[in-house]
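In: show me how the following folds:
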Amino acid sequence: MGMKLYAISDLHVAHVTNRDHLQRLRPHPEDWLILAGDVGERPEQLAFLFRTLSARFARLIWVPGNHELWTVDRDPAAPRGEAKYRQMVGVARDHGVLTPEDDYPLWPGEGGPCVIAPLFLLYDYSFRPDGVAEADVAAWAAEERAACADEIHLSPEPYESRSAWCRARLALTEARLSSLSPGLPTVLVNHFPLRRDLVRIPRIPRFAPWCGTRATEDWHLRFNARVVVSGHLHVRRTDWRDGVRFEEVSLGSPRQWDHARGVEAYLREILPGAPGSSQ
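Out: The predicted model follows:
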C-alpha cells in the first residue's frame, strides 16, 4: 500500500479514556504521524505518548499546543513560558520525535518530495473584531461566557506578553520557511489555524482571539503549501483555500469523539491524501 503521512491533534492524554484507547492503535510500521499539539500539560504525559506511538509509527513529528506550554505545577521553580517549551522539546528529542526546533524533514513517499514544516507560532489576539482592542479581548469574550485558561497557566516569560512571544516566533519561522527551495511543496503544521476564516466554533465563537494570528493568513501561498494541518478547535473538518487543503485534525476530550470507532478512525491521511470530509 505504500507509506502514508497521518495527522492527529488534541489527544489530551490526561484523560484516562484517551490514554487507554491510544494504546489500542494498530501498528503502522511504514507510516509517519504528525502530532499537532495539545497532547498534555506535563512532561510525563508527553513521554507516555511518545513511547506509545513511536512503537507503532516509523516517525513522529510534534508541534506544541497551548496545553504543552501550561505551567500547572505549583512549585515556584517549575519551568514557565519559553523554559517550559524547551523542556517539552527535550522530552520529544529524548524519544526521537521531530520538533519545530529541528531540521524540517523531507517526505519521501507518494505525494512527495515534500517538506514537512512543524511550526510553533502561538497567537497574538488578532483574531478579534476590528473594533475590539487587544486589552479588551478578555472582557469582550466574557460577555458571552468565553474565556481561556491560558490567561492563568500560559506564561510568556521571558517575553512581556504572549503577543510578543508570538511576534518572535513569527520572525524566526518566517526566516526559516523563506530559506526553503521555492520549488518544493510543503506541509505546514501548526497547532493553531493559520487563517481566521477557518475558526468556526459554534459553541464558543468568542474564543477566536486565542486561536491564531492574522500574520499567517497568506502563508499557505507564500510557502507553497500542499496541505496545512492544525488542531486546537476540536472541530474536525477539511477546508480548501486557493487550491490548498486545510485539515483540522483534533480528537478532543472523551465526550467529543466516538469510542466505538477508536482513535484509529480519527487519524487523518495527509499524504498522499485525498479530499476528506468532516468526521
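In: any regions of the stretch 1-150 of the chain where pLDDT drops low?
Out: The model of the stretch 1-150 of the chain has pLDDT under 70 over residues 1.
In: mind listing the strands for it?
Out: 5-8, 28-35, 57-62, 106-107, 114-118 (DSSP state E, counting those that start in this stretch).
In: elements contacting the fourth one?
Out: Put plainly, it is strand 106-107. Contacts defined by 3 or more CB pairs under 8 Å, 6 or more residues apart in numbering; DSSP states H and E place strand 106-107 against strand 114-118. Quick note: C-beta positions are derived from backbone N, CA and C, even for glycine.
In: format the CA atom coordinates belonging to the strand it packs on as PDB.
Out: Taking C-alpha atoms only, strand 114-118 is exported to PDB below (Å, rounded to 0.1, in the frame of the first residue of the first chain):
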ATOM      1  CA  CYS A 114       7.500  17.500   0.100                       C
ATOM      2  CA  VAL A 115       9.000  19.400   3.100                       C
ATOM      3  CA  ILE A 116       7.100  18.900   6.300                       C
ATOM      4  CA  ALA A 117       7.400  22.100   8.400                       C
ATOM      5  CA  PRO A 118       6.400  21.700  12.100                       C
END
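In: could you tell me the angle between it and strand 57-62?
Out: Angle, strand 114-118 to strand 57-62, by axes from the mean of the first three to the mean of the last three CA atoms, to 10 degrees: 50 degrees.
In: adjacent strands (with direction) for strand 114-118?
Out: strand 106-107 (antiparallel), strand 186-189 (parallel) (DSSP bridges).
In: so which of these is the most packed in?
Out: strand 186-189 (a mean of 26; mean count of other CB atoms under 10 Å).
In: coming back round to it: quick one: closest of the strands of the stretch 1-150 of the chain to residue 97.
Out: strand 57-62 (4.4 Å; CB to CB).
In: please name the residues that touch residue 210.
Out: 66, 123, 125, 127, 148, 150 (CB atoms under 8 Å, 6 or more residues apart in numbering).
In: what does residue 57 give?
Out: Counting by CB under 8 Å, 6+ apart, residue 57 makes contact with 6, 28, 29, 31, 32, 33.
In: and the residues you listed, which two are the farthest apart?
Out: So, the contacts of residue 57 by CB to CB: farthest apart are 6 and 29, at 12.9 Å.
In: neighbour count for the two, which is higher?
Out: Neighbours were counted for residue 6 and for residue 29 using other CB atoms under 10 Å; residue 6 has more, 20 against 9.
In: show me the contacts for the nearest residue to residue 36 once chain neighbours are set aside.
Out: Using CB to CB, 6 or more residues apart in numbering and skipping the chain neighbours, the partner closest in space to residue 36 is residue 9 (3.5 Å). Residue 9 sits next to 35-38, 65, 191, 229-232, 249-251 when contact means CB under 8 Å, 6+ apart.
In: now with 7 Å, please.
Out: For residue 9, the contacting residues are 35, 36, 37, 38, 65, 191, 231, 249, 250, by CB atoms under 7 Å, 6 or more residues apart in numbering.
In: going through the residues you listed, which ones are buried?
Out: 35, 36, 37, 38, 65, 191, 231, 249, 250 (16 or more other CB atoms under 10 Å).
In: hang on, the fourth one packs against residue 234?
Out: What it means is residue 38. No - using CB atoms under 7 Å, residue 38 is not in contact with residue 234; the gap is 9.1 Å.
In: so what's residue 34 closest to, chain neighbours aside?
Out: Nearest to residue 34 is residue 7, by CB to CB, 6+ apart, at 3.8 Å.
In: what number of residues lie near residue 270?
Out: 27.
In: you'd agree it is up against residue 7?
Out: Yes - between residue 270 and residue 7 there is a contact at 5.1 Å, judged by CB under 7 Å.
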